[in-house]
Structures are given as structure tokens and as C-alpha cells.
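[1] Provided below are the primary sequence and the corresponding predicted coordinates.
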Amino acid sequence: PEVVATSNPQLILYLPGSVLAWQAQHPDQRMLQTEATLLVADITGFTPLVEQRSAMGREGGEEVTGIVNRVFTDLLSIAREEGGDVLKFGGDAFLLMFGGDGCNERAAVAALDMQEALTELAIPGISMSMGLDSGPVELHLAGDRHRELVVLGEALMGALAAEKKAEAGEVVAGPVARRNLPDGVVDSATHCLVEVPDTDEIPLTESFSGETNIDLADYVPESLRPHLTVGGSLGEHRQATIGFLHVAVDPADDVETTSANLHETMSLVQESAARHEVTFLGSDVDPAGCKVILVAGAPTATRREEERVLRTLHRVIEHGAPLPMRAGVSRGVVFAADLGAPFRHSYTVMGDTVNLAARLMGAAAERQLLTTMRVLDRSPTRFRLTQLDPIPLKGKKEPVAAVAVGPIIGVDPRDRVSSVPLVGRMQERQVIRDAIADVQAGTGSVVEVVGDAGIGKSRLLVEARDLAGSLDTFTLVCEQYEVNTPYYMAGHLIRGVLGQKPDTPSAEVASRLEEVITEHGPDLEPWMPLIGIPLGIDIPDTPTTAEIDPAFRIPRMHEKVEQLLAAAHEGPAVIVVEDAHWIDPASAGLLARLAEATASQPWLILVGRRPEGTWVSSPRATVMQLEPLGSDEIGELLRLAAREYPVSDHDLARLADRSAGHPLFALELLEGWEEGDLPDSIEAVIAERIDRLDPRDRQILRYAAVLGNSFTLDLLAEALPAMAQAVEDTGTWERLADFLDLSITGLVAFRHDLIRATAYKGLPYRLRREVHGIVAEALERRARRHPERHASLLALHHSEAGNWQAAWRFALMAAERAREGYATTEATEMYLSA
């Protein structure tokens, strides 16, 4: 079917034509029952190919993309000619549906022709097994945030069972297909297709064709829409965390019950993924239901990827959805790419990391989440864990030490931060010392430490806790995923003052609250129903609270909580609030009241936050904006931290210079300095910021990275004429101001070399090479009769473009020029380059 969509038409490449044809005519339907032949194909050999090419970086990624796309173009083109529609399409498997007259024969022809085409491609190590069967097919569209296609039915069960029996190069027919296919097509003993059936007299059945006003975005996961509408990805190896979730369907349920249960379950998964900023990549078929694939780290970078996926799946499993679930999570390098044929694409992830997550899911029991300590060690959220006996898994030489993930028990106290030396920040430390001295003398205050991620806020707050000494200190960490959970932070504070843990049962907390009020604040007893609100405790109204107008309940609750804290804790106290940019609004309102109370209470409130977020500064606050460390300070930090590393003073100086005064960057560069690449944590921090940009601005930033750490606007415009208008637009540079500095002379400089390096790494290898070549040509035009003035730069760009003869010529020219100027080091480097 040919469907022309008027809304988001570019997404049509990622969706099954038969589903769009159905929805074009019946947009309100969520379930379709039909009769068809389904063909399941599983390609073996792509994962080793991905792993082999991972060491080649982006160049290897683009090579993999080219090979995989060549395979899929040939195979899917054959299927299309026989009327096959791609229902599901992953990295190394796909599901085709053939409907109408002769669907059995056309599926058989397509299968045998595809096997022959793959053989002719003769790609070492690549083979395919296939299974097909016919019968009832159920197409379900499930979920609130997008309509996710789930395929069920007897035909699918038969096709999956047939494929499981097939060896490489074989096509096995299921029982219904065997009965329907002509004699001689299927071997009676092996059930393999051995003869191509005649389909010349069987016409293809056309379904709906034409224009529809359905919005294709409704059928694509939310987090993928921006990526797919700008052209997808050429393929790259990325650090990512993968989650697989199995959803079991009861075959005894009628189709309406199944549809309703799938919708409720998929809605829960989609909501949880969105809440934790995890990409819902898609779903796949399974004999007992379906599988959902979740990913953090692709197509856009994020921080705390392991935690995001773990919390997403933990929430889904603990929620109690109507369908049984189990899950697996792994972390590592994946190959992420937009794969397929010119007429049908899929954004997918491949590699051993993906396979491990799927195998862990397969080994999990019902309502169980399995992962490894490699994932858990990188998650700030801590869970109750059960260590299992090592599990033998397909594809692994040794059994895998799996861990079952239980309830959340808290957040990591960030002990790694406390081990980092604190260098500099003398003025900020003095402000904190003075505030601590004041609170010890009975005068409260509020101090805010503000700065970008990794600039040193948490380390300064650790120092503050150390300086507080014996003062009672309550440390609270606001969670990104709890920003919409009312009183998440405030409830933890009150529990702490009451001497209760975050996971203490509500009944015990209520009992302790009553004890404290009876002993220290009996006047508060009538107000307990209000005090119970931020604790999440439902206490029936007293006559006093029942009379309060709803408009005044929150202010009165703030007042009574303040009185409770003052009564329950006599004397000075320090309240440390980390990551306040993620504070929930309800807690923010209560904390604002406590900040006002520091005028009369001996409380020091220390707040760490980023410039953005939900926090609103108190009028009483002393706000300290953390800036990058000076060159001497960052050098001292590296020297102190480098005691365990065999790093020379020369290398330390290079690391200090490259870090641009950013403590996190400096320490992570030190930790990964031997590997010669950006450590994951730095790349994630910067890449996340770059990925937030508008696609056009992001493209300009990445192209600009090819020019080097500094360049002129006119050179960029000359090198990239297609973007000249955007380059000349002042709004472009205002939007990129966090990454680039633009002077009044038109000179542009990257704020950090690390920003340039990350932006450069995000440019596909082929495009990178093309831009280097274009820049080299532009520089040659500018050099005119004096190319020696730009010889070293020209040598670099020609070399990166693969123009070896020109690169050699300019490297030699640069070496001679350096030698004549007695710059022996530079001359030697250029001679070696030549």
C-alpha cells in the first residue's frame, strides 16, 4: 500500500505500510484481526562484525552501516516485490507480513530468493535462518504516548517455532503453511522449502492507497521523533545502557482483554521511560508475548544512564501492571544506527551489550530484574540486591555473575567526591566557615553554591560538612526522577530529624511523630494531620485542621513543620541540599519557609545547584557562583590526584590545559589519559549538552569543530556555503554561546578544547573527511601565492580528508619553514607527518 501522510511525512520510512493503511481508514481502532502469512528472519554474524569494527571508531561504525544496509536493501527489496510488508525490523532480525491471495506462495518465493541473494552477497560470517507460517494475526496498537505495534496470533507462533528449527541458509515452513503450499515446495521430512512455487498467476492485492491526515508521529516513540525527522544516523559506536523487558500475554484471554492489558502495560512502560529520560526504542515479537527494548545513551547522550534504565524497569515491575514482566539490563559499547533500505528504515542498536541484556531478561524469573555489578556500581541509586549463582548464557564463554535487583534503599553518598582533593575556592570556603561560626553562635543563614555539572559543587559541600564538625548535619539529595513527587526532599528531611530512615514504614514514622510531639511539642498535636502531609502519612483531620480553609492549609502546614523541627531539634543544625535544581516544587515551598526561619532559628541551609532548574533563590541567601579553577589551581589538583598514576609533569601540564579549569574534566582526563580518548563521563556531560541543541545548530557546531579551536566566521561560511545564511545569523551564535565565544572581529573560539573534541567526534567519519577537504580547498584559495603560511594547517586538513599527496606536500613545506626558523621540535613533527 502507498500511503501519503500530510503530517510528519518523513516518518513514513519507519512504519509498516499495512498498519498505516489500516489506520488511514480506521484511525480510532487499536486492534486488527486478519489472516496472513508471516515470515521471520534471523541474521547471524552482524554482532561479531560490530564487535570487530568497534575499535575503528566512527569509521568502523560507518563501514558496518554500509554492509548492513546493503544486506537489508537487497533482502527487503525482494520481499517488497512479493508484497511483503516489514512489521518489525531490528538490527539482525525482521518480521514480514504477506496478505491477500497467494500469501503462502509469495512468502515462500520471497524467502528462497532472499536466501539466494544473501549467498550471492558472499559476506564472510553472515547467514540467515527463516521460518514462515499462516493463519490468524493480531495487530495491537498499545500505549498512551505513542501507538506501539504489538504482533500476536497463531501465524506468529508458528513462524517463530519454524525459524527456531531452521539452520543457517534454511527456510522452515510451519504446519498451516505446509498444508497451503503446493506439493513439492516443502520437504516432508525436514519441513524446509526446497522448491520455488509459481506465483505468476497470483496478483498482488492492493489495499488503501492515497493521502491521509493521520499524524505519523503518533506511531513513533517520543524520544526518537526529533532524531528521525532530521535524517537519523550514519552509525556509531556509543556507550549505552540497554534494558530488555519481557511482557507475557495469556493465550487464554480473549482478544479484547489482551488488547486492554497490552495498552495499560505499554502506557506504564512509556510513562516510566519518559519520566527517567530513557529512550523507548521499540518492541519485538516473542512466542509468549512481546519484548520491549529501552536504551539510555542513544540516540542522544545522557548522564547516569545505568540509573535511568534501572529505575525505569524497577518502577514498571513494581507498579503491578496487568501482564507479568521480567527484565535484564547491561551496559557497554553498542552500535547505534539508522539501518535499512531506501524505502524502509529502523533506528536500532546492536552488539554484545544488547545480546547480554536480552539473555539476562530471558534468565529472569517473573517480576525479576537481573543485571550485573558493572551496571550497579555506576548507579547513584542503591537497591537491595540478591547475588545469584553464575548463570550460563548463550554467547558467553563463562557463566555470568548476575544480580537480582530489589527495592530502592537510598542514594549513594558520593564517597568518590569526598576522596577528591579540594584545591582553591578559598573565598567560598571562607564564606562557609563564617556561616558555620554564625550558626554555632545561634545565627542562621542560607548559602547557595551554584555552578555547572562537575564544576565542584558537591566537593565544596563535602568540605562544608567536614567544617561543620560535631554540628548535627542533615544531607538531602534531590533526585531528577522525583521532581514531580510532592515532598520527596522535605519528607526525607523531616524523617531525618525524627531519626527515621527514608524506607522506614509509614506506620513506624507516624508512631515516632506522635512520640516526638508528645515529648517536645504537645501544642502541635491538633496539627498532626497537616504535618503528616510531607511525610506521606494520612492522618484523619482533627477539629482544628478540619476548620482550615483549603487555601490556607499549605501555609499553615509550612508553619507547623517549622515549629516541629524547632521543637524536635534543639540547638544549631546544618541542612545540606544537593542537586536543588531537581527539587520538587512542594519541597521547594517548604524549604523557602525554612530559609525565612533562619532569621530566628540557628539553622544553616547549604544548597548546591546548577544555574537551571526548579530552585528559586531565597532573598536571605548568599549566592556563590563557582567559576573554573585557575591554571595553578587545576595543576595542583592534578598533581595531588596523580600520585597513583605514572604521569609526567609534561603530561600533567597538557591535561591541565585541556581541562580549561574544570575539575571534573581534569580528573576524568587523568583517569583515562593512557587511552588517548575522552573518558565516558566527560563525553556524556558535553554530548548531552550538544544533543539538546536544535539540529541545525548542532550541525553547525560539529562542522565548526573541523576548523579547529578557533576560526573566523567568513572561513566557516566559505567552507560551508550551504550554511552561509545560518552562519551569518547572529541568533545562531547566541544559541551556541555556551559552547563558542564570538568576538566583535568575527573570530570564533571553542570555550573548551573538550567541547570541540566531543563535537568533532559526533560528526560521522565520511562527513568529517568531506568537510576537512572543503576547508583545505578554502584555505588554499586564501593562501594564494603564499601557501607556506598555512602549510601545517593545510597538511592537517588534507591528511584528515585522505588527500595524501597534498598532505605530504604541505607537511614537507611546513617542516622546511619550521627548520628555517630554528623550530626543531615543530620541524621534526612535520617531517614525521610527511
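    Thanks, I have it. Residues are numbered from 1 along each chain as shown.
[2] which SSE is immediately downstream of the lowest-mean-pLDDT helix or strand in the chain?
    Considering only helices and strands, the least confidently modelled element of the chain by mean pLDDT, DSSP states H and E is helix 415-418, at a mean of 49. For helix 415-418, the following helix or strand on the C-terminal side (DSSP states H and E) is helix 426-440.
[3] got the contact list for whichever helix or strand comes after that following helix?
    For helix 426-440, the following helix or strand on the C-terminal side (DSSP H and E) is strand 445-450. Applying Cβ atoms under 8 Å, 6 or more residues apart in numbering, the contact partners of strand 445-450 are 428, 431-432, 435, 438-439, 457, 460-461, 580, 595, 598, 604-611, 617-618, 620-626. C-beta: built from backbone N, CA, C; applies to glycine.
[4] off-centre distance for the helix or strand containing residue 637?
    With secondary structure defined by DSSP H and E, residue 637 is part of helix 631-641. Helix 631-641 has its average C-alpha position 32 Å from the chain's average C-alpha position, going by Cα atoms, centre = their mean, to the nearest Å.
[5] then it to PDB, C-alphas only?
    Listed in PDB are the C-alpha atoms of helix 631-641, where the atom choice follows Å, rounded to 0.1, in the frame of the first residue of the first chain:
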ATOM      1  CA  SER A 631      45.700  27.300  35.900                       C
ATOM      2  CA  ASP A 632      47.800  27.000  39.000                       C
ATOM      3  CA  GLU A 633      44.900  25.500  41.000                       C
ATOM      4  CA  ILE A 634      44.000  23.000  38.300                       C
ATOM      5  CA  GLY A 635      47.600  22.000  38.100                       C
ATOM      6  CA  GLU A 636      47.800  21.500  41.800                       C
ATOM      7  CA  LEU A 637      44.600  19.400  41.800                       C
ATOM      8  CA  LEU A 638      46.100  17.100  39.100                       C
ATOM      9  CA  ARG A 639      49.400  16.800  41.000                       C
ATOM     10  CA  LEU A 640      47.600  15.800  44.100                       C
ATOM     11  CA  ALA A 641      45.300  13.300  42.300                       C
END
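[6] what residues of the helix or strand following it count as buried?
    Of the helices and strands lying after helix 631-641 in sequence (DSSP H and E), the nearest is helix 649-659. In terms of neighbour count (16 or more other Cβ atoms under 10 Å), helix 649-659 has its buried residues at 651-652, 655-656, 658-659.
[7] residue 195 should be in a strand, yeah?
    No. Using DSSP: H, G, I helix; E, B strand; the rest coil, the secondary structure at residue 195 is coil, not a strand.
[8] quick check: it vs residue 163, distance?
    Separation of residue 195 from residue 163 (Cβ to Cβ, to the nearest Å): 20 Å.
[9] between those two, which one's more packed in?
    Taking other Cβ atoms under 10 Å, residue 195 and residue 163 do not tie; residue 163 has more neighbours (24 against 14).
[10] that one sits in which helix or strand?
    Taking DSSP H and E as the definition, residue 163 sits inside helix 154-165.
[11] so residue 150 sits in a helix?
    No. Judged by three-state DSSP, residue 150 forms no part of a helix; its state is strand.
[12] pop the domain breakdown of the chain in here.
    According to automatic domain parsing, the chain comprises the domains 3-387, 415-625, 679-833.
[13] tell me the most buried of those domains?
    A comparison of the domains of the chain by mean neighbour count, using mean count of other Cβ atoms under 10 Å, puts domain 3-387 on top with a mean of 20.
[14] so what's the residue most central in space within the chain bridging to?
    In the chain, the C-alpha nearest the mean C-alpha coordinate belongs to residue 296, at 2.5 Å (Cα atoms, centre = their mean). Following DSSP bridges, residue 296 is listed with bridge partners residue 241.
[15] do I have it right that it meets residue 240?
    Yes. Between residue 296 and residue 240 a contact is recorded at 6.5 Å, counting by Cβ atoms under 8 Å.
[16] tell me, what's touching these two both at once?
    Contacts common to residue 296 and residue 240, judged by Cβ under 8 Å, 6+ apart, are residue 305.
[17] okay, helices next: where are they in the stretch 401-550 of the chain?
    Per DSSP state H, counting those that start in this stretch, the stretch 401-550 of the chain carries helices over the ranges 415-418, 426-440, 457-468, 488-497, 506-520, 528-535, 543-546, 550-568.
[18] so what touches the second one?
    Just to be clear, that refers to helix 426-440. Contacts of helix 426-440 from elsewhere in the structure, counted by Cβ under 8 Å, 6+ apart, are 422, 444-445, 447, 449, 460, 463-464, 467-468, 471, 572-574, 602-604, 606, 622, 624, 626.
[19] angle of that helix against helix 631-641?
    Orientation check (axes from the mean of the first three to the mean of the last three Cα atoms, to 10 degrees): helix 426-440 against helix 631-641 gives 70 degrees.
[20] next one: the fourth one
    Per the same axes, to 10 degrees, the angle that helix 488-497 makes with helix 631-641 is 60 degrees.
[21] same question for the fifth one.
    Per the same axes, to 10 degrees, the angle that helix 506-520 makes with helix 631-641 is 110 degrees.
[22] using PDB, write out every CA atom in helix 506-520.
    This file holds the C-alpha atoms of helix 506-520, laid out as PDB (Å, rounded to 0.1, in the frame of the first residue of the first chain):
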ATOM      1  CA  SER A 506       4.800   4.900  57.400                       C
ATOM      2  CA  ALA A 507       3.200   3.400  60.500                       C
ATOM      3  CA  GLU A 508       6.500   3.500  62.400                       C
ATOM      4  CA  VAL A 509       7.100   7.100  61.200                       C
ATOM      5  CA  ALA A 510       3.600   8.100  62.400                       C
ATOM      6  CA  SER A 511       4.300   6.500  65.800                       C
ATOM      7  CA  ARG A 512       7.600   8.300  66.100                       C
ATOM      8  CA  LEU A 513       6.000  11.600  65.100                       C
ATOM      9  CA  GLU A 514       3.400  11.200  67.900                       C
ATOM     10  CA  GLU A 515       6.100  10.400  70.400                       C
ATOM     11  CA  VAL A 516       8.200  13.500  69.500                       C
ATOM     12  CA  ILE A 517       5.200  15.800  69.500                       C
ATOM     13  CA  THR A 518       4.000  14.400  72.900                       C
ATOM     14  CA  GLU A 519       7.500  14.900  74.400                       C
ATOM     15  CA  HIS A 520       8.700  18.100  72.700                       C
END
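[23] averaged pLDDT, it. What do you get?
    When pLDDT is averaged over helix 506-520, the result is 92.
[24] residues in contact with it?
    495, 498-500, 524-525, 528, 531-532, 535-537, 539, 564, 567-568.
[25] now do that helix and helix 528-535, the angle between them.
    Orientation note: helix 506-520 sits at an angle of 130 degrees relative to helix 528-535 (the same axes, to 10 degrees).
[26] distance between helix 506-520 and the chain's centre?
    When distances are taken as Cα atoms, centre = their mean, helix 506-520 is centred 42 Å away from the chain's centroid.
[27] for stretch 454-470, same thing?
    Averaging C-alpha positions (Cα atoms, centre = their mean) puts stretch 454-470 30 Å from its chain's average.
[28] pick out the most distant pair among the buried residues of helix 649-659.
    Comparing every pair within the buried residues of helix 649-659 by Cβ to Cβ identifies 651 and 659 as the most remote, at 12.5 Å.
[29] quick revisit: would you format the domains of the chain as a markdown table with distance to residue 395 included?
    Shown next, in a markdown table, are these (distance: least, Cβ to Cβ, whole Å):
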| stretch | distance to residue 395 |
| --- | --- |
| domain 3-387 | 6 |
| domain 415-625 | 32 |
| domain 679-833 | 24 |
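[30] so which of the ones you listed gets nearest residue 670?
    Using Cβ to Cβ as the criterion, the shortest distance between residue 670 and the domains of the chain is 9.2 Å, found for domain 679-833.
[31] before we move on, the earlier item: now the helix holding residue 163: average pLDDT?
    Confidence over helix 154-165 (mean pLDDT, whole number) is 97.
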